[in-house]
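Visitor: sequence and predicted structure, then a few things I'm wondering about:
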Amino acid sequence: MTQHVHTYTQLRRQIHDDLRIQHPEWVQPNGESPICDSYEVRLMKLLGGFEEIRAERTPTESVRQTMSG
């Protein structure tokens, strides 16, 4: 079943949970997972770059992008 994500926080939580479910071998007995954490950090850096690009657009450009994309 597909879960709908509505906020950035929900997306981060879903990615966090899904990585640990898909790769239980990456989770240490104490619940920590340096491998999952590193993937999450890399993704947040990528998403941060998109946020900077979006902030540079005018509101009209953002609306056009949303409607055409």
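Guide: Everything's here; your move.

Visitor: for E32, which three-state class applies?
Guide: Taken by DSSP: H, G, I helix; E, B strand; the rest coil, the conformation at E32 corresponds to coil.

Visitor: what about it, how many residues close to it?
Guide: 11 (other Cβ atoms under 10 Å). (C-beta placed from N, C-alpha, C; glycine too.)

Visitor: please enumerate the helices of this structure.
Guide: Chain-ordered helices for the chain, with DSSP state H as the definition, fall at 8-22, 34-56, 59-68.

Visitor: lowest average pLDDT across these?
Guide: Out of these, helix 59-68 stands lowest, with a mean of 52 (criterion: mean pLDDT).

Visitor: what is the burial count for the spatially closest residue to H16 that is not a sequence neighbour?
Guide: If you skip the residues right next to it in sequence, H16 has E40 as its closest partner in space, 6.2 Å away by Cβ to Cβ, 6 or more residues apart in numbering. By the other Cβ under 10 Å criterion, the neighbourhood of E40 contains 15 residues.

Visitor: and E40, what is it in contact with?
Guide: With contacts taken as Cβ atoms under 8 Å, 6 or more residues apart in numbering, E40 has the following neighbours: 12, 15-16, 19.

Visitor: neighbour-wise, which of those residues leads?
Guide: Taking other Cβ under 10 Å as the neighbour criterion, L19 ranks highest of the contacts of E40 with 18 neighbours.

Visitor: thought S38 was touching that one, still the case?
Guide: No. Contact status for L19 versus S38: not in contact, 10.3 Å apart, counting by Cβ atoms under 8 Å.
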